[in-house]
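1. curious how this folds, go ahead:
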Amino acid sequence: MTLPTHVTLVEVGPRDGLQNEKLPVSTAHKAQMVALLQAAGLKEIEVTSFVSPKWVPQMADNLAVMAAIQRLPGVRYSVLTPNMQGLQAALPTHPDEIVVFAAASEAFSQKNINCSIAESIERFAPVVAAAHAAGIKVRGALSCAVGCPYQGEVSPDEVERVARLMKAIGVDHLGIADTIGVGTPKKIQAAMERALKHYPLDQVSGHFHDTYGQALTNIYACLEIGVHTFDASVAGLGGCPYAKGATGNVATEDVVFLLNGLGIETGIDIDKLVDAGLFISDALGRQPVSRVGRALLAKRAG
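-> Modelled structure (predicted):
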């Protein structure tokens, strides 16, 4: 078994990590968070989402955040745009990539976006076409790929069905997401292998929540089959409002520590990453969730 020599981490903290925070985070804090993340070496950053502020009030300052960030060459800035209205609002901010999302579970699709999986794909088709017409890459997020809070188990067949539909409408990259964190290595590998029937290895990624403490194990299982792109959230920020008890995304600091230990290159400075996690955790008035972040901060203090 040969593991990848390099892994790309997509930092989703500014968007997915902050979107469900109840207390407002200022535009200045969000922009500074992005600045610290790219200073740490992150080259892929999910900045904000263009959704109704009625549903996600934390992202109401999306235009201001995109205007406030200091863009660096070689860094790709993505935004979530679930419909044409969101895409049209986002286009003047010149994102490098947009993100659309569908579920592998029919029950989750109905609860989350009030439509069937097939209907959600139909809604995304014109968004994908318009993004491509503007020269923008489209990443698809496939949520509840191994388990759903409403239907329970999700089969690899269900994952492959949606992967095929995403490919058919032109989605460039597919992220397999364990939204409620119930996945274990064999289940994650099975879901990934179905996605890989329709997408090349360099256009498939993993997005794992750590609800049951399995996220790092699942990342390792993906490395075993060659997957080398993963979403992560600094300080372990984030959760899922539709999945009761779902904890945050896997912490970027924890993933980098694992990859460093495996001798896998990321281009990320872990000490600067810990600084970024501490900054946004201080802004939120709490400690970082990242175990590595807390351990390295304690080591500094000592």
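
2. for Ala221, give me its contacts.
-> Counting by C-beta atoms under 8 Å, 6 or more residues apart in numbering, Ala221 touches Pro185, Lys186, Ile188, Gln189. Quick note: C-beta positions are derived from backbone N, CA and C, even for glycine.

3. got the phi and psi for the first one?
-> The main-chain torsion angles of Pro185 are listed as degrees, to the nearest 10 and equal phi -50, psi -50.

4. the helix or strand of the chain with the lowest mean pLDDT packs against which elements?
-> Ranked by mean pLDDT, DSSP states H and E, the weakest helix or strand in the chain is helix 106-113, scoring a mean of 89. Taking 3 or more C-beta pairs under 8 Å, 6 or more residues apart in numbering; DSSP states H and E as contact, the helices and strands that helix 106-113 lies on are strand 97-103, helix 117-133.

5. quick one: it to chain centroid distance?
-> From the chain centre to the centre of helix 106-113 is a distance of 19 Å (C-alpha atoms, centre = their mean, to the nearest Å).

6. tally up the residues packed near the closest residue to Glu44 other than its chain neighbours, please.
-> With sequence-adjacent residues excluded and distances taken as C-beta to C-beta, 6 or more residues apart in numbering, Glu44 is closest to Val10, at 4.2 Å. Number of residues near Val10 (other C-beta atoms under 10 Å) recorded here: 26.

7. can you give me the helices for this protein?
-> In the chain, helices defined by DSSP state H lie at 27-39, 62-68, 84-90, 106-113, 117-133, 156-168, 185-195, 215-224, 252-261, 270-284, 291-301, listed in chain order.

8. coming back round to it: which of the contacts of Ala221 sit farthest apart?
-> Lys186 and Ile188 (7.4 Å; C-beta to C-beta).

9. of these two, which one has the most company?
-> Higher neighbour count among Lys186 and Ile188: Ile188, with 26 against 10, using other C-beta under 10 Å.

10. which one is that one nearest to, not counting chain neighbours?
-> Leaving aside its sequence neighbours, Ile188 sits nearest to Asn218 (C-beta to C-beta, 6+ apart; 4.5 Å).
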